[in-house]
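1. What follows is a protein structure lacking sequence information:
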Ligand SMILES: Cc1cc2nc3c(=O)[nH]c(=O)nc-3n(C[C@H](O)[C@H](O)[C@H](O)COP(=O)(O)OP(=O)(O)OC[C@H]3O[C@@H](n4cnc5c(N)ncnc54)[C@H](O)[C@@H]3O)c2cc1C
């Protein structure tokens, strides 16, 4: 039996890497600080929700509220509606269920321990770095990681005094936000609300207040946050295949996955599925004969899959437009475009979800779109 490959970070990317490496016959040891309710909207595609149910037996229905409607709202008070594209999961429940499921595998060992550079003596010579946007990631990757681009997001969770009859995922569009806002109501009147985008910290709080006002005044929610939410960073990289995927520190080769590599979608900053996908591709890159991860193969698979899924030309064009200093689109123009093309856009999302997990190279994985 070969020595286990160590994985730091037992959330989406780390657990996925563990699962797929173990399936290839590679024993793994995961180190995770704690199970926690990560600040996250928790939106996943229906395809991925079905995948978690069918492949891993995860009880998504117990933690999910399917969002029947997506409303694209514009600052000029217009909305465009389309049917739902997402399921919403509690990140706490998802991490807990995934860990319980993986603990049943004989070659996966999960240890609850916070890893520091001082305790890195227990790590294998190739170690998976799936520590997300954390201090540990910064310590390993250093200055370069700091310079990467990120989206800024605010999230608030609480009880909703009134939930409208027809709750929806609100995609709030505002040219200053360069991102979107969301309201997801869960069971027992719990809601999570937030905004995120390529926005400066000094105006994100103001945009958050505007969004809460819109949600209450226009859509019948009664949300009154009693404290100011914290701002969180979601690392995003446009051309991730041009930057390294592994990093040396203390004689260990740390191989990045998920947020560490900035794999979140360049426009909507959804990172759960790309994180899962990167763990899967990491597993695909495992070479049984040398008992090591083939970095060149991993890099190649990442590039290929991201081009097929969340880095399609359409997304690259939109994200480049959003990044332009003087964003040329006025809100009313965006509304007109969305009104004209929303059927086409949502049709494309359903056929080829913006998220990952749809393709493995050129082959379809057999993910079912549509009913949940
Ligand atoms: C406000 C907000 C809203 C978002 N909304 C969405 C959304 O709706 N849909 C979506 O798809 N994505 C969303 N995202 C992005 C998504 O949350 C991330 O892209 C995703 O969680 C990345 O997964 P990961 O496994 O790479 O990292 P993480 O989920 O950050 O996991 C890293 C893990 O490593 C552990 N860890 C860190 N350091 C150590 C250490 N030293 N030792 C041991 N363990 C350690 C942490 O405890 C953590 O469990 C959102 C993000 C934010 C901030």
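-> Happy to help now that I have it. None of the values given here were measured: they were computed from a predicted structure.

2. where does the residue lying closest to residue 119 once chain neighbours are set aside sit relative to the ligand, distance-wise?
-> Spatial nearest neighbour of residue 119, excluding adjacent residues (Cβ to Cβ, 6 or more residues apart in numbering): residue 113 at 7.5 Å. Using the backbone N, CA and C atoms, a C-beta is placed for each residue, glycine as well. Distance from residue 113 to the ligand, counting by Cβ to the nearest ligand atom, to the nearest Å: 7 Å.

3. Please pull out the lowest mean pLDDT helix or strand from this structure.
-> Within the chain, no helix or strand scores below strand 359-360, which has a mean of 41 by mean pLDDT, DSSP states H and E.

4. correct me, but residue 36 touches residue 90?
-> No - under the criterion of Cβ atoms under 8 Å, residue 36 makes no contact with residue 90, lying 11.2 Å away.

5. Mind checking which of the two has more residues around it?
-> residue 90 (22 against 12; other Cβ atoms under 10 Å).

6. Next, give phi and psi for the more buried one.
-> Dihedral pair for residue 90: phi -80, psi 130, per degrees, to the nearest 10.

7. Quick one: neighbours of residue 242, just the number.
-> Applying other Cβ under 10 Å, we find 8 residues neighbouring residue 242.

8. Oh, that last question was meant for residue 162, not what I typed.
-> Neighbours of residue 162 (other Cβ under 10 Å): 10.

9. what's the answer for residue 104, then?
-> Around residue 104 sit 8 other residues, with neighbours defined as other Cβ under 10 Å.

10. gap between it and the ligand?
-> For residue 104, the distance to the ligand - Cβ to the nearest ligand atom - is 20 Å.

11. ok, now residue 59?
-> Distance from residue 59 to the ligand, by Cβ to the nearest ligand atom: 19 Å.

12. Hmm, residue 172 is touching residue 73, no?
-> Yes - the criterion here is Cβ under 8 Å, and residue 172 meets it with residue 73 at 5.0 Å.

13. Pretty sure residue 287 sits against residue 294.
-> Yes - between residue 287 and residue 294 there is a contact under Cβ under 8 Å: 5.1 Å.

14. Those two: which is more packed in?
-> residue 294 (15 against 12).

15. Tell me which residues touch that one, please.
-> 285, 286, 287 (Cβ atoms under 8 Å, 6 or more residues apart in numbering).

16. Show me which residues of the stretch 101-250 of the chain are close to the ligand?
-> Residues of the stretch 101-250 of the chain lying close to the ligand by Cβ under 6 Å from any ligand atom are 114-115, 130-132, 134, 136, 153, 155, 194, 196, 232, 234.

17. Quick one, which of these are buried?
-> If you count burial by 16 or more other Cβ atoms under 10 Å, the buried members of these come out as 115, 130, 131, 132, 136, 153, 155, 194, 196, 232, 234.

18. Return the per-residue confidence for the third one.
-> As predicted, residue 131 sits at a pLDDT of 97.

19. Find the nearest non-adjacent residue to the residue in the stretch 51-200 of the chain that the ligand sits nearest to, please.
-> Sorted by distance to the ligand under Cβ to the nearest ligand atom, the residues of the stretch 51-200 of the chain start with residue 132, at 2.3 Å. Spatially, and ignoring its direct neighbours in sequence, residue 132 is nearest to residue 259 (4.2 Å; Cβ to Cβ, 6+ apart).
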